[in-house]
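Trainee: This is a predicted model, with the sequence first.
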Amino acid sequence: MINLGPAEEDPVEGAPAGDALATVMRYHQQTKHHLFRYARAPGALDWVNQPDPFRRYEGCPLIALPRLKPEQEPASPPYEDLYRPGAIASAAPTAATLSRFLECSLAISAWKQAGDTRWSLRANPSSGNLHPTEAYLLIDQVEGVSSSPGLYHYAAQEHALELRAEWSAQRFGSLMRAFPPKAFLLGLTSVNWRETWKYGERAFRYCQHDVGHALGGARIAARTLGWRMMLLDDVSDPTVASLLGVDRWADYEGAEREHPDCLAVLWSVPEGSSAATSLRAISLPLFVDADAEQCLPLGSWHGKANRLSRGDPVHWEIIAQVEVASSKANGERGFVALDGDPRCKVGPATDAPASCTDPLRPSAAALIRRRRSALAFDRTTSVSAAGFFTLLARVMPEVDRDVCQRPVPWDCVPWAPAIHLALFVHRVDGLAPGLYALARDASKVGLLRQATYRQFVWTAPLGCPSELPLFLLQKADLQPLAVQLSCGQEIAGDGAFSLGMIAEFESTLRRRGPWFYRRLFWEAGVIGQLLYLEAEAIGARATGIGCFFDDPVHQVMGFGDSAFQSLYHFTVGGPVEDPRLSTLPPYGVDR
């Protein structure tokens, strides 16, 4: 039943290039790794041409954000309070709260050093630590930042905001009039060259994973401040590009371009029942009213993008094609309802402290900052069944609820889940080693069961909570197989468990459109961000795995066509630290 055979050949290689869906399907098929052939990538790394991981806009006014110590306000709540309705009061946007928000979502979390070589780690994970994702804030006047609305680029190396353009109060108010008071926009873009430099044609996948990591990180960071967040999924890519200024050719002359990804709206909720009640009547738009003039600031633009590599980026035609094919060319005008469900309440807690100093209840910020990608596992550490079940429960979006009623971070993702998990359990106390499946939408159990081998047993593990649709498919020692499937990487078999994120693939793209291809990876990236943090919370460590043999994974599960596709792998276990590495504080502040 669980076996590996020859990989399938490319079934859509001859699809018409002009058909966007066919182009996306062709890209996905062509960039698969096979047992005897990897996706195309550079034959050797051009270290002289390695992209700078930090974008700056030369000539922009730079506004330094406060570099806060843990005890300074706003202090971080305990990590567990992120999932407790009503446990965290909502803070107003200030220089300090914006600093905390960015610190816990996109900032440098530490520096690593080996000999004379030094590199940074960030709160948001990235494939190969290459960090293609850039972030922008479009925000009203904030004391300590600016006296007028403006568009800012986040400069992670300096933990500062670069003012790209001033907005008039009138135009900003017009743009944001449909959103709650004090709302602001977070924009994300990708410098795809940072990933293609190393990973070649498969890099577009990894850039989209990283958008998901950043979205998940931003939602969790917002929650530490009692803020709400919603991905504005009906905004077109051209509108994202125009609002963020990444379509301004003159500003990128001689520099690597940024691909527009998405916008999200964030807002705080004032304390008091009247404010909470007023939000219940609001239908939150998933778009912005950004007609021609509203897309543009009133004042002039500032700055010119820095060049990231000494030489010219290597052009990968297939990536250029999939960028166009998966673009959301036209916006839509959908809404989600904000109501008074307890999961949406953000008033002060009645039975929990606002901050955490108990070492047994780590603060959310402390856990976020210590998140690392494990380099190796010790082959012995197990995790408890209770911890395992809690970790899996966190990735469940609870689809029977309206979007805003779902648990963090799924209350900011306005679509039904399309990603499920295939789990290779090695060392979970009380669970038999073997192959398991988690349906992130319980109504899809039948669909998954029909698509996999008939011989799978589909039994609920002993002690598994009834609301968690986790099933044992087959008992087996899968450590060697997990290693083989993940391109021979031992870390996939040395941990407590590993997993593949399985997407409802072709039917979703045909129903939603080729632009949803990127969203599938975003959803996988949000899951990955949660798994990183939950692994730390149970005393383990995690790492994302982008290199795996696609079709052999499908063959292990019994998937015979493109109805289901594996998009991202992950593994969790007891880390082995490298004593040759030193860890240094991120901004000269020991956090």
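Mentor: Received it, and whenever you're ready, just let me know what you need.
Trainee: Now do the end-to-end distance for stretch 230-249.
Mentor: Taking CA to CA, to the nearest Å, the first and last residues of stretch 230-249 lie 29 Å apart.
Trainee: quick one: average pLDDT of that stretch?
Mentor: Across stretch 230-249, pLDDT averages out at 96.
Trainee: what's around Leu468, how many residues?
Mentor: Using other CB atoms under 10 Å, Leu468 has 17 neighbouring residues. (C-beta placed from N, C-alpha, C; glycine too.)
Trainee: Got phi/psi on Phe231?
Mentor: Actually, residue 231 is Leu. It isn't Phe. Note on Leu231: backbone dihedrals following degrees, to the nearest 10 are phi -70, psi 120.
Trainee: what's the distance between it and Ala123?
Mentor: As judged by CB to CB, to the nearest Å, Leu231 and Ala123 stand 19 Å apart.
Trainee: again with Glu195
Mentor: From Glu195 across to Ala123, the span is 19 Å (CB to CB).
Trainee: cool, Pro132 as well?
Mentor: 15 Å.
Trainee: between those two, which one's more packed in?
Mentor: Neighbours were counted for Pro132 and for Ala123 using other CB under 10 Å; Pro132 has more, 30 against 26.
Trainee: Could I get the contacting residues of the more buried one?
Mentor: Applying CB atoms under 8 Å, 6 or more residues apart in numbering to Pro132 gives the contacts Ser126, Ser190, Val191, Asn192, Trp193, Arg194, Glu195, Tyr206, Cys207, Asp210.
Trainee: Also Gly144?
Mentor: So Gly144 contacts Pro66, Thr94, Ala95, Ala96 (CB under 8 Å, 6+ apart).
Trainee: does the first one sit in a helix or strand, and which one?
Mentor: In this case it means Pro66. Here Pro66 sits in a region with no helix or strand, counting by DSSP states H and E.
Trainee: May I have the phi/psi pair for the closest residue to it other than its chain neighbours?
Mentor: Closest residue to Pro66 apart from its sequence neighbours, by CB to CB, 6 or more residues apart in numbering: Ser99 at 4.9 Å. Taking degrees, to the nearest 10, you get phi -60, psi -50 for the backbone angles of Ser99.
Trainee: Export the contacts of Pro132 as CSV, with columns for pLDDT and neighbour count.
Mentor: Below are the contacts of Pro132 laid out as CSV (pLDDT from 0 to 100; neighbours: other CB atoms under 10 Å):
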residue, pLDDT, neighbour count
Ser126, 96, 22
Ser190, 98, 27
Val191, 98, 27
Asn192, 97, 23
Trp193, 97, 25
Arg194, 97, 30
Glu195, 97, 28
Tyr206, 98, 26
Cys207, 98, 29
Asp210, 98, 28
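Trainee: Can I get those residues in JSON lines including secondary structure?
Mentor: Converted to JSON lines, these look like this (DSSP: H, G, I helix; E, B strand; the rest coil):
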{"residue": "Ser126", "secondary structure": "coil"}
{"residue": "Ser190", "secondary structure": "strand"}
{"residue": "Val191", "secondary structure": "coil"}
{"residue": "Asn192", "secondary structure": "coil"}
{"residue": "Trp193", "secondary structure": "helix"}
{"residue": "Arg194", "secondary structure": "helix"}
{"residue": "Glu195", "secondary structure": "helix"}
{"residue": "Tyr206", "secondary structure": "helix"}
{"residue": "Cys207", "secondary structure": "helix"}
{"residue": "Asp210", "secondary structure": "helix"}
